[in-house]
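S.K.: Build me a structure from this.
(one chain, ligands or ions: 4)
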Amino acid sequence: MQNTGTHRTAAPGTATSTPTHCPYCALQCGMNLTPVEGGTVEVSERADFPVNRGALCGKGRTAPELLAPGARLTSPLVRSDDGALVPAGWDEALDRIAGNLERTRARYGADALGVFGGGGLTNEKAYALGKFARVALGTSQIDYNGRFCMSSAAAAGTRAFGLDRGLPFPLEDIPRTGCVILVGSNPAETMPPSLRYFTELRENGGTLIVVDPRRTKTAEQADLHLAPRPGTDLALALGMLHLVVAEGRVDADYVEERTSGWEEARAAAMAHWPEYVERITGVSVPELREAVRLFCAPEAAMVLTARGPEQQSKGTDTVGAWINLCLATGRAGRPLSGYGCLTGQGNGQGGREHGQKADQLPGYRKLTDPAARRHVAEVWGVDPDSLPGPGRSAYELLDALGTDIRSLLVMGSNPVVSAPRAAHVEERLRSLDFLAVCDVVLSETAELADVVLPVTQWAEETGTTTSLEGRVLLRRRAITPPDGVRSDLEVLHGLAGRLGVEKGFPTEPEEVFEELRRASAGGPADYSGIGYRRLAEENGVFWPCPAPAADSADADAVPHPGSPRLFLDRFATDDGRARFVPVAHRPSAEEPDDEYPVLLTTGRVVAQYQSGAQTRRVAELNAAAPGPFVELHPRLAARLGAAEGDELAVVSRRGRAVAPARITTGIRPDTVFMPFHWPGAGRANTLTNPALDPTSRMPEFKVCAVRVETVAR
Ligand SMILES: Nc1nc2c(c(=O)[nH]1)N[C@H]1C(S)=C(S)[C@@H](COP(=O)(O)OP(=O)(O)OC[C@H]3O[C@@H](n4cnc5c(=O)[nH]c(N)nc54)[C@H](O)[C@@H]3O)O[C@H]1N2
Ligand SMILES: Nc1nc2c(c(=O)[nH]1)N[C@H]1C(S)=C(S)[C@@H](COP(=O)(O)OP(=O)(O)OC[C@H]3O[C@@H](n4cnc5c(=O)[nH]c(N)nc54)[C@H](O)[C@@H]3O)O[C@H]1N2
Ligand code: SF4
Ligand SMILES: [Mo]
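M.R.: Ligands and ions are numbered 1, 2, ... in the order given. Next comes the predicted model:
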């Protein structure tokens, strides 16, 4: 992978450089930007930001390439009578969108309008998009790609702790704990600069356990690598909890003082004998025992999950089982201990808090809660009864396109590549009466649109993101955008005005943030004590951060310091106790059979980001990861008669994808792996199963049954 891994750039330290953060993943690495010729910027090291201390991966380092006018969209596009997308002026493009939305609404009602957002949008955009759907469109039908990301961990965290903040502690705690279990997480490829926290953990004498069906670059760093069959993490965690009980390792005082529901959870775990768990997972009983020993030996320990165990039709219960393991051993809400989820997208954390989710109002409030509706309606200056109820989840929304939902606005996602059962989703998108897409490039989804709006990018606009640590950060504008593009906030302002809502959609990010502060005040994700000035001075503030009480007599009341570490005194439940949830093993929605005998799992490579819409346009990244592949074990390859590089067809009940073989002993022989970054013949999501978790509505991206065949040349 040459130089697409962790990399340090030179530090010119010029007076004109602007400190900001990467446009891509949730680590939100700090970087300095200096304007250069050609309308782009140069990235240099920003050593003062503690999370990455100047280190960047190849994606962050090359992100400026997409700022060049030739690399991105600089004019709105509209579908002409002969079916081509042709350049148009902003007024024409916005008029077309507003006109179509209005006609759809008049004919079919407001719920025939859909909105699909993204976890890469800043807090201001996510907030404005949720408000736009409920106030300007009046529709309940809004959801976003974060549903495909960490929603199972969010649901399980809320269920157990009463609050979902991905990491309840900062990354800097990792090197100081005793043991970390990383479940279905591959930071060596997905957040390279974060790997040092795990290296330092081991240098300090701590141990790292990695649970992944593949021996990834991350697993290579581990003291113990467990390689379960995809989709069996729930059983694995239950087997470990069984051993914790059987070996007398339960922290009875902690369970008594800080939790509820232990007896039921304990009984459920005791039904999962180690030998039974070995049969389900393929992880041997001695390996299970070793994992329990390493996890329980030190005073403090952590479990961190990512998409491996979460993107399953039982993702919520699976995360719940890992949380139960933490609770039974007294490893949550104590210093250097706890359960955390490594959130993925640039604003994966903040994007899930401020109202672009189907059931949600800003501040992580519930749309079904009358008090929350009253509070937010007051900030918005509308009647609480005018706010719609909860809408469909992401996949269900996409599945309803062309039937119940007739017109769709997409902002910050590329579902043609990234949604499960993508051929069906693509067909649903094509069946819409009207599709509008706001993007920086002509993504595969934008290619299907009736109107495409070109928007400004990270270095061209100010806004806040909330990193995987729950740290609210200020991204600053470093350069002027090229002519022809507008910000997402300007788009929403322009559309709302055309729909007759003249007020309430400001285009200045700080003005939106000030409103978000008020809307979030008193909610679980309270940002009311955070302002742009403070963010500029403090390198981020951890929420919750309430403002000093308005009725406080003391005008100089000390500002809230923010909350780097949660739950140390009490959990966010009504009684302050963490809740055990009894869970039991169940099979994946699709198990292998004679016709589809192999398991497919999917994920990422270091040089490409998500649907690849951005990174496939960067030459260096494309050279490092030029296309899809099928990773398989030599034994499976031998059975198929396939050699390295041979074209393989992977066939599921949803469709067929073709990509070259990459043969490695680092994967289970019963499993193949495909990265999902590409459209076309090698699109992994042609194959994936949209079976949904009943609680989080997360699709089962990580497990489905397939048949693998060689393709005759
Ligand atoms: N380079 C790069 N970095 C990224 C992204 C990107 O697209 N590219 N995306 C960002 C985003 S939005 C996200 S969500 C994160 C995702 O970050 P990760 O969760 O680290 O990424 P994935 O590759 O999806 O999945 C992690 C691992 O889960 C394993 N896995 C598959 N099935 C199972 C299973 O059943 N059980 C277990 N235990 N493991 C399993 C896979 O083999 C894989 O190594 O990355 C972020 N960073
Ligand atoms: N098989 C399989 N599928 C998966 C996953 C998996 O592990 N396996 N992972 C899932 C996960 S975790 C995720 S997060 C999703 C992500 O999948 P997508 O939602 O498709 O993510 P991106 O490719 O980041 O899409 C973002 C789009 O918005 C554009 N964009 C970027 N910034 C902005 C902005 O500020 N404004 C606007 N208007 N547009 C912007 C980008 O150019 C891009 O076209 O994929 C999911 N799909
Ligand atoms: S790890 Fe994530 S935030 Fe850091 S440079 Fe790479 S993509 Fe950007
Ligand atoms: Mo994600």
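
S.K.: CA atoms for contacts and neighbours, from now on please.
M.R.: Noted.

S.K.: roughly how far apart are the spatially closest residue to A252 that is not a sequence neighbour and L568?
M.R.: In space, and not counting its chain neighbours, A252 is closest to A328: 7.7 Å by CA to CA, 6 or more residues apart in numbering. Applying CA to CA, to the nearest Å, the value for A328 to L568 is 16 Å.

S.K.: Could you check which of those two has the larger neighbour count?
M.R.: A328 (25 against 12; other CA atoms under 10 Å).

S.K.: need the contact list for that one.
M.R.: L241, V250, D251, A252, Y254, V255, W262 (CA atoms under 8 Å, 6 or more residues apart in numbering).

S.K.: ok, the third one touching T329?
M.R.: By that I understand D251. Yes - at 5.0 Å, D251 counts as touching T329 under the criterion of CA atoms under 8 Å.

S.K.: the more surrounded of those two?
M.R.: Between D251 and T329, T329 has the larger neighbour count (other CA under 10 Å), namely 23 against 15.

S.K.: Now find how far off-centre the helix or strand containing E102 is within its chain.
M.R.: Element membership for E102 (DSSP states H and E) is helix 90-108. The chain centroid and the centroid of helix 90-108 are separated by 31 Å under CA atoms, centre = their mean, to the nearest Å.

S.K.: for it, packing partners?
M.R.: strand 113-117, strand 407-411, strand 451-454, helix 488-498 (3 or more CA pairs under 8 Å, 6 or more residues apart in numbering; DSSP states H and E).

S.K.: Just the angle for that helix relative to strand 113-117, thanks.
M.R.: 130 degrees (axes from the mean of the first three to the mean of the last three CA atoms, to 10 degrees).

S.K.: Tell me which residues of helix 90-108 come out buried.
M.R.: Using 16 or more other CA atoms under 10 Å as the test for burial, helix 90-108 gives W90, A93, L94, R96, I97, A98, N100, L101, E102, T104, R105.

S.K.: Okay, the fifth one and P76: tell me how far apart.
M.R.: Going from I97 to P76 by CA to CA gives 12 Å.

S.K.: So which bits of the stretch 501-650 of the chain are right by ligand 1?
M.R.: T601, G603, R604, V605, V606, A607, Q608, Y609, Q610 (CA under 6 Å from any ligand atom).

S.K.: doesn't A684 make contact with the third one?
M.R.: Yep, that's R604 we're talking about. No - counting by CA under 8 Å, R604 does not reach A684; the two are 11.0 Å apart.

S.K.: so what sits against both of the two?
M.R.: Joint contacts of R604 and A684 (CA under 8 Å, 6+ apart) are P675, F676.

S.K.: residue contacts, C149?
M.R.: The contact partners of C149, taken as CA under 8 Å, 6+ apart, are R307, Q311, T343, G344, M698.

S.K.: Now render the residues you listed as JSON lines, adding secondary structure and distance to F629.
M.R.: JSON lines is the format used below for the contacts of C149 (DSSP: H, G, I helix; E, B strand; the rest coil; distance: CA to CA, whole Å):
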{"residue": "R307", "secondary structure": "helix", "distance to F629": "20"}
{"residue": "Q311", "secondary structure": "coil", "distance to F629": "21"}
{"residue": "T343", "secondary structure": "coil", "distance to F629": "25"}
{"residue": "G344", "secondary structure": "coil", "distance to F629": "22"}
{"residue": "M698", "secondary structure": "coil", "distance to F629": "25"}
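
S.K.: can you tell me which of these are up against ligand 4?
M.R.: Residues of these in contact with ligand 4 (CA under 5 Å from the ion): G344.

S.K.: possible to save the contacts of C149 as JSON lines with pLDDT and distance to V115?
M.R.: Shown next, in JSON lines, are the contacts of C149 (pLDDT from 0 to 100; distance: CA to CA, whole Å):
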{"residue": "R307", "pLDDT": "98", "distance to V115": "24"}
{"residue": "Q311", "pLDDT": "98", "distance to V115": "23"}
{"residue": "T343", "pLDDT": "97", "distance to V115": "23"}
{"residue": "G344", "pLDDT": "97", "distance to V115": "21"}
{"residue": "M698", "pLDDT": "98", "distance to V115": "18"}
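
S.K.: Neighbour-wise, which one of the contacts of C149 leads?
M.R.: Q311 leads the contacts of C149 on contacts (other CA under 10 Å) with 31 neighbours.

S.K.: my guess is F673 is in a strand, correct?
M.R.: Yes - assessed with DSSP: H, G, I helix; E, B strand; the rest coil, F673 lies in a strand.

S.K.: From G348, how far off is it?
M.R.: 24 Å.

S.K.: ditto for V379
M.R.: 24 Å.

S.K.: cool, and D385?
M.R.: 30 Å.

S.K.: Between those two, which is the more surrounded one?
M.R.: The residue with more neighbours, out of D385 and G348, is G348; 30 against 11, by other CA under 10 Å.

S.K.: From what I see, S17 and V36 are in contact.
M.R.: No - if you go by CA under 8 Å, S17 and V36 don't touch, sitting 10.5 Å apart.

S.K.: Comparing the two, which residue is more hemmed in?
M.R.: Ranked by neighbour count (other CA under 10 Å), S17 and V36 place S17 first, with 18 against 10.

S.K.: so how far does stretch 339-352 reach from one end to the other?
M.R.: 19 Å.

S.K.: still on that earlier bit, neighbour count: R604 and A684, which is higher?
M.R.: Neighbours were counted for R604 and for A684 using other CA under 10 Å; A684 has more, 35 against 17.

S.K.: pretty sure the more buried one contacts A659?
M.R.: No - with contacts counted by CA under 8 Å, A684 stays clear of A659, the gap being 9.4 Å.

S.K.: Identify each buried residue in stretch 337-350, please.
M.R.: For stretch 337-350, by 16+ other CA under 10 Å, it's 337-350.

S.K.: oh sorry, the question was meant for stretch 362-380
M.R.: 362-367, 372-377, 380.

S.K.: For A449, state which of those residues is nearest.
M.R.: P362 (29.0 Å; CA to CA).

S.K.: residue contacts, the residue nearest to the closest one when sequence neighbours are not counted?
M.R.: Sequence neighbours aside, H354 is the residue nearest to P362 in space, at 3.7 Å (criterion: CA to CA, 6+ apart). Listed by CA under 8 Å, 6+ apart, the contact partners of H354 are N123, A126, Y127, G130, Q360, L361, P362, G363, Y364, L516, S520.

S.K.: The second one: neighbour count?
M.R.: A126 is surrounded by 30 other residues when neighbours are defined as other CA under 10 Å.

S.K.: The fifth one now?
M.R.: Using other CA under 10 Å as the criterion, Q360 is surrounded by 25 other residues.

S.K.: cool, the fourth one as well?
M.R.: Look at G130: counted by other CA under 10 Å, it has 26 neighbours.

S.K.: ok so it is a strand residue?
M.R.: No - counting by three-state DSSP, G130 falls outside a strand, being helix.

S.K.: Before I go, just wanted to say thanks for your time.
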